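Q: please find the sequence and the predicted model below.
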Amino acid sequence: MHTYTDERTTAEQTLWRRLSARDSLVRRLDWPLLLAALGLTAIGAALVYSATRGRADLTGGDPYFFLLRHATNITIGLVLAAFVVWIGNTRIRDAAPLLYVLSVVLTALVLTPVGSTVNGSQRWIEVGGGFAFQPSELVKVAVILAMAALFAARAEADDRLTPTGRTVVQALLIAGVPTVFILLTPDLGQTMGMAVIALGVLTASGAHRGWILGLLGTGLAGALLVWQGGLLDEYQLNRIAAFANPALDPAGVGYNTNQARIAIGAGGLTGTGLFEGPQTTGQFVPEQHTDFIFTVAGEELGFVGAGLIVALLGVVLWRALRIARDAGDLYGTVVAAGIVSWLAFQSFENMGMSLGIMPVTGLPLPFLSYGGSSMFAVWVAVGLLQSIHLRSRLLARS
């Protein structure tokens, strides 16, 4: 049986050299995926500017403060995506263990005095210049890569597609260690996201359905334990209470959700016009440039604009699913499936909390919300998907 490394040193390396020589790498990118991601990012930049240009309390009087920082984050994200494509799928897989260890260490450091606290949660590491780094965003990428590398290595070594129970347990430990750190910060939204990623990766790996059902049952039991054990902070309990009863304390715990729904409802079919939303300009919706960015779209771009965002996110997920299907190897399939699980859940949760159909958790909307860590992570994901796509095209031609 040929190993992954043997395969790389034959057909893949030769074909990469040929593509580089003919300068055809760009033409073979998944352009629907790339254009949809770029479209979402451009819309997000406009929405961030609309939500922050009048916030003198946050910008110090400079209406372009957040827009310029957001543009910097986007630029770094695009560079990271290009770098991932350039170094190739193979070397990313080889580096997966190191990336995982580094990301887990950074996630654990958040719980030490190195971490900084914002809005009652200790989730960031200050890096200077007013910038903060949130390790829980990038640890999701590292967990997907590490779990995929494990499943692929075991499948190649054992010459079998269905992972053994021992391999599944090892994979769950890979996801579980950083998840515990994230839960302790506390960050319920990211914890839920990690659970969904683990479920998606297990499903794509071909794990027996008993493991899938067991993970679902464990997740429900864990949620009950967290609830009954008093492990949630008061603000998290208030968010859940407001979700269960939207009429509960509309000026207090239910304020965010109620104002978000008012803003979206005010947009109607075509919206009030970009930069013209009364709820947005009046600063009625808290955290509107981050957690509640979708409310800006709903109010100022209306149902049409919000629908366009949903459609573009759908294109990203559709192309990612096609890449998972056509990957040509288990590693690529699992990585792409993990990315789909992550982006689909986070998009649904973010838009759902703005609409009042999901509890408020503080998860950003991929490609749109302000925040460097999130922007870096989603564009690294795009780079990984493109790398998997290119490799599958190369192997199909070999």
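A: Received it, and whenever you're ready, just let me know what you need. Being a predicted model, the structure only gives us computed values, none of them experimental.
Q: got the contact list for the closest residue to residue 268 other than its chain neighbours?
A: Closest residue in space to residue 268, ignoring its immediate chain neighbours: residue 302 at 5.4 Å, by C-beta to C-beta, 6 or more residues apart in numbering. All C-beta spots, glycine's among them, are computed from the backbone N, C-alpha and C. Listed by C-beta atoms under 8 Å, 6 or more residues apart in numbering, the contact set of residue 302 reads 267-272.
Q: in PyMOL, select just the buried ones from those.
A: To isolate the buried ones among those in PyMOL, judged by 16 or more other C-beta atoms under 10 Å, type:
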select buried, resi 267+271+272
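Q: and the contacts of residue 302, which two are furthest apart?
A: The distance between the two most remote of these (C-beta to C-beta) is 11.1 Å, for 269 and 272.
Q: so where's the chain shaky on pLDDT?
A: 1-24, 117-122, 128-130, 223, 226-253, 396-398 (pLDDT under 70).
Q: can you give me the strands in it?
A: Using DSSP state E, the strands of the chain run over 115-118, 121-128, 131-133.
Q: for residue 84, which non-adjacent residue is closest in space?
A: Nearest one to residue 84, counting by C-beta to C-beta, 6+ apart, is residue 383 at 3.1 Å.
Q: do the same with residue 379
A: residue 77 (3.4 Å).
Q: and residue 279, by the same measure?
A: With C-beta to C-beta, 6+ apart, the residue lying closest to residue 279 is residue 263, at 3.8 Å.
Q: now that neighbour: how far from residue 160?
A: With the distance defined as C-beta to C-beta, to the nearest Å, residue 263 ends up 53 Å from residue 160.
Q: compare neighbour counts for those two and give me the winner.
A: For residue 263 versus residue 160, neighbours defined as other C-beta atoms under 10 Å are more numerous around residue 263 (27 against 11).
Q: check contacts around the more buried one.
A: 277, 279-280, 284-285, 295-296, 298-299.
Q: who wins for most neighbours among those residues?
A: Ranked by neighbour count (other C-beta under 10 Å), the contacts of residue 263 have residue 296 at the top, with 34 neighbours.
Q: surely it touches residue 288?
A: Yes: contact between residue 296 and residue 288 holds when scored by C-beta atoms under 8 Å: they sit 6.0 Å apart.
Q: common neighbours of those two, please.
A: 51, 280.
Q: contact partners for residue 288?
A: 51, 280, 295-296.
Q: narrow those residues to those in helices?
A: Taking DSSP state H, the ones among these that sit in helices are 51, 280, 295-296.
Q: could you identify the most distant pair in the residues you listed?
A: Pairwise distances across those peak at 8.7 Å for 51 and 295 (criterion: C-beta to C-beta).
Q: quick one: common contacting residues for those two?
A: In contact with both residue 51 and residue 295: 280, 288, using C-beta under 8 Å, 6+ apart.
Q: how many residues are close by residue 159?
A: Count around residue 159 with other C-beta under 10 Å applied: 7.
Q: let me fix that: residue 87
A: So residue 87, with other C-beta under 10 Å, has 14 neighbours.
Q: do you know how far it is from residue 101?
A: Taken as C-beta to C-beta, the span from residue 87 to residue 101 is 19 Å.
Q: same question, residue 365
A: Distance from residue 365 to residue 101, by C-beta to C-beta: 30 Å.
Q: these two: who's more crowded?
A: residue 365 (28 against 12).
Q: tell me the contacts of the closest residue to the more buried one other than its chain neighbours?
A: With sequence-adjacent residues excluded and distances taken as C-beta to C-beta, 6+ apart, residue 365 is closest to residue 350, at 4.2 Å. Residues in contact with residue 350 (C-beta under 8 Å, 6+ apart) are 291, 293-294, 363-366, 369.
Q: quick check, nearest of those residues to residue 213?
A: Taking those together and measuring to residue 213 by C-beta to C-beta, the closest member is residue 363, at 25.5 Å.
Q: what sits against the nearest residue to that closest one once chain neighbours are set aside?
A: Of all residues not flanking residue 363 in the chain, residue 189 sits nearest, at 4.2 Å (C-beta to C-beta, 6+ apart). Counting by C-beta under 8 Å, 6+ apart, residue 189 makes contact with 349, 361-363.
Q: narrow those to those in helices?
A: residue 349.
Q: I'd like the contacts of residue 189 as TSV, with distance to residue 47 appended.
A: Listed next are the contacts of residue 189 as TSV, based on distance: C-beta to C-beta, whole Å:
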residue	distance to residue 47
349	18
361	20
362	18
363	16
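Q: who wins for most neighbours among the contacts of residue 189?
A: residue 363 (26 neighbours).
Q: OK, contacts around it?
A: Going by C-beta under 8 Å, 6+ apart, residue 363 touches 189-190, 193, 291, 346, 349-350, 353.
Q: now residue 349
A: 189, 192-193, 358, 361, 363.
Q: how near is it to residue 189?
A: Using C-beta to C-beta, we find residue 349 at a distance of 7 Å from residue 189.
Q: what's the neighbour count on the nearest residue to residue 54 once chain neighbours are set aside?
A: The shortest distance from residue 54 to any non-neighbouring residue, by C-beta to C-beta, 6+ apart, is to residue 281 (5.7 Å). Neighbours of residue 281 under the rule other C-beta under 10 Å: 16.
Q: ok, residue 147 next?
A: The burial count for residue 147: 30, using other C-beta under 10 Å.
Q: that one against residue 201, yeah?
A: Yes: judged on C-beta under 8 Å, residue 147 makes contact with residue 201 at a distance of 4.8 Å.
Q: for the two, list the residues in contact with both.
A: 171, 175, 334, 338.
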